[in-house]
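Engineer: generate a structure from the sequence data that follows.
(one chain, ligands or ions: 1)
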Amino acid sequence: MIPLVDLKEELNLFRDEIYDSIKEVIESSSFILGSKGQQLENKVADYLGASYGIGVANGTDALFLSLKALGIGPGDEVITTPFTFFATAEVIANVGATPVFVDIEEETYNINPKNIQQAITPKTKAIIIVHLFGLSAQMTEMKKIAEEYNLFLIEDACQAIGTKHKGQYVGSIGDVGCFSFFPSKNLGAFGDAGMIVTSNETVYEKLIQLRNHGSIKRYHHSMLGYNSRLDEIQAAVLLVKFKFLDQFIANRIEIAKTYTENLKDKVRTPSIPENLEHTFHQYCIETSHRDELMEYLSKHQIASAIYYPIPLHLQEAFRNLGYKEGDFPISEKVAKNILALPIGPTLTNEQQRYIIQVIKDFFAQKENKN
Ligand SMILES: *Cc1c(COP(=O)(O)O)cnc(C)c1O
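Structural biologist: Sure thing, here's the model as predicted:
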């Protein structure tokens, strides 16, 4: 089976170095908030061009703690996209605020800046912008809206580490940027891990307390916080893998190009608007024969996946928000047609040629039947 991303194959590139790095942590017996985590925070913040990095337990907590640090809670509304991973909106409800959804652009799958103004009310406090699949959202427009209405801009860059927007890395453009190091993300740990970056010192001070029981000095608690830290073993893994990030992104972009050249006549391939960058955490096509194609690929030992089959406004967990089918037609349409193809950085030319051939065969058979 060709997997969506081949983590076993990747491991061959840095196995010894990672094992040594993990061993150092074990021998040092410093497992929580030690030097590896700090090194990683500095490296990631420097790379992205932000002043501070705050390691946390996962990407979901990065978003949750960011909302907390910005003082968002009951009575507040936060605007976001219904076409994203559940966590993006889950955290809004979990701080006691109300998620307000706004439909996406058909071309980019990211929130449509043109739809935002009409969703703003006196209760709106923030926008969580998602750079879905690794494609930068329209940050110039987003910043303009945020400034005009005095809203916080939170970047969910969980799928987009290393993506730039007009020369600036996403995650460092808004008030805070949130990253996930879930194993299958473009920079993945050997377990759960995440990071927040910000250049706002006040927000940074709050975040380092919030992630550690409201404490900077041991057993002195200035506020109620949480236990959400990036542990040293994950930091040890990530410090090694971080060195491969740019090369891995370059590989993904190359693979994406080859898919698009070969498939654009058969399916809808990703479009990248001028001035925006895509790092292809996922390579997603659209076809009205999606479910059949998925089955055909599986029969030919090729993995594929649907991100995401149900837009968030139609999720059972958000039924209380009162949305209904038809509210966000673009998200709903895309959810029915979208399919992610294998695009790990170690995918070989031979594997990709095979995948492309199988997809072409599928459509040739369909045409013959008609
Ligand atoms: C992965 C992801 C998250 C959550 O990250 P975890 O580390 O799994 O908690 C949030 N938002 C988006 C868009 C993601 O892709």
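
Engineer: if we go by neighbour counts, what in the strand or helix carrying I26 is buried?
Structural biologist: Assignment of secondary structure by DSSP states H and E places I26 within helix 7-28. Neighbour-count burial for helix 7-28, counted by 16 or more other Cβ atoms under 10 Å, picks out 10, 18, 21-22, 25. Any C-beta I mention is one placed from the backbone N, CA and C, and that applies to glycine too.

Engineer: nearest residue to the residue in the chain positioned nearest to the ligand other than its sequence neighbours?
Structural biologist: Here the chain gets closest to the ligand at one residue, G59, 2.5 Å apart by Cβ to the nearest ligand atom. Closest residue to G59 in three dimensions, ignoring its sequence neighbours and counting by Cβ to Cβ, 6 or more residues apart in numbering: S180, at 2.5 Å.

Engineer: pairing partners for the host helix or strand of I196, with directions?
Structural biologist: Element membership for I196, per DSSP H and E: strand 194-198. Here strand 194-198 is paired, per DSSP bridges, with strand 52-56 (antiparallel), strand 176-180 (antiparallel).

Engineer: can I get these in a markdown table with mean pLDDT and distance to I343?
Structural biologist: Supplementary listing: the strands paired with strand 194-198 in a markdown table, determined by pLDDT from 0 to 100; distance: least, Cβ to Cβ, whole Å:
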| stretch | mean pLDDT | distance to I343 |
| --- | --- | --- |
| strand 52-56 | 98 | 27 |
| strand 176-180 | 98 | 17 |
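
Engineer: show me where the stretch 151-300 of the chain has strands.
Structural biologist: Here the stretch 151-300 of the chain has its strands, by DSSP state E, counting those that start in this stretch, at 152-156, 164-165, 168-169, 176-180, 194-198, 283-286.

Engineer: okay if I get these as CSV plus mean neighbour count?
Structural biologist: Formatted as CSV, the strands of the stretch 151-300 of the chain follow (neighbours: other Cβ atoms under 10 Å):
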stretch, mean neighbour count
strand 152-156, 26
strand 164-165, 20
strand 168-169, 18
strand 176-180, 31
strand 194-198, 28
strand 283-286, 22
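
Engineer: which stretch among these comes nearest P3?
Structural biologist: Counting by Cβ to Cβ, P3 lies closest to strand 283-286 out of the strands of the stretch 151-300 of the chain; the figure is 13.7 Å.

Engineer: now that closest one: average pLDDT?
Structural biologist: For strand 283-286, mean pLDDT is 98.

Engineer: quick one: contacts of it?
Structural biologist: Strand 283-286 is contacted from outside by 109, 133, 252, 255-256, 259, 263, 267-270, 307, 334, 337-341, 343, using Cβ atoms under 8 Å, 6 or more residues apart in numbering.

Engineer: hmm, which of these are the buried ones?
Structural biologist: Here, 16+ other Cβ under 10 Å leaves 109, 133, 252, 255-256, 259, 263, 267-270, 307, 334, 337-341, 343 buried among the contacts of strand 283-286.

Engineer: which ones among those residues are found in helices?
Structural biologist: Applying DSSP state H to the buried ones among the contacts of strand 283-286, the entries found in helices are 252, 255-256, 259, 263, 334, 337.

Engineer: send the alpha carbons of stretch 288-296 over as PDB?
Structural biologist: What follows is stretch 288-296, C-alpha atoms only, in PDB (Å, rounded to 0.1, in the frame of the first residue of the first chain):
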ATOM      1  CA  SER A 288     -17.800  14.200  -8.800                       C
ATOM      2  CA  HIS A 289     -16.700  10.500  -8.900                       C
ATOM      3  CA  ARG A 290     -14.800  10.900  -5.600                       C
ATOM      4  CA  ASP A 291     -16.100   7.900  -3.700                       C
ATOM      5  CA  GLU A 292     -15.700   5.500  -6.700                       C
ATOM      6  CA  LEU A 293     -12.200   6.800  -7.300                       C
ATOM      7  CA  MET A 294     -11.300   6.400  -3.700                       C
ATOM      8  CA  GLU A 295     -12.400   2.700  -3.800                       C
ATOM      9  CA  TYR A 296     -10.500   2.200  -7.100                       C
END
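
Engineer: what does it rub up against?
Structural biologist: Stretch 288-296 is contacted by residues 287, 304, 306, 336-339, 358-359, 362, 366 when judged by Cβ under 8 Å, 6+ apart.

Engineer: and the ones in helices among the buried ones among the contacts of strand 283-286 near the ligand, which?
Structural biologist: Residues of these in contact with the ligand (Cβ under 6 Å from any ligand atom): none.

Engineer: quick check, G71 in a helix?
Structural biologist: No. Counting by DSSP: H, G, I helix; E, B strand; the rest coil, G71 falls outside a helix, being coil.

Engineer: tell me, how many residues neighbour it?
Structural biologist: If you count neighbours by other Cβ atoms under 10 Å, G71 ends up with 13.

Engineer: one more: the one 5 residues further on?
Structural biologist: By other Cβ under 10 Å, 18 other residues sit near D76.

Engineer: could you do the one 3 residues further on as well?
Structural biologist: If you count neighbours by other Cβ under 10 Å, I79 ends up with 25.

Engineer: any idea which of the contacts of stretch 288-296 is closest to A50?
Structural biologist: Minimum distance to A50 across the contacts of stretch 288-296 is 31.4 Å, recorded for I338 (Cβ to Cβ).

Engineer: residue contacts, that closest one?
Structural biologist: Taking Cβ under 8 Å, 6+ apart, we find I338 in contact with 284-286, 290, 306-308.

Engineer: fine by me, we can end here.
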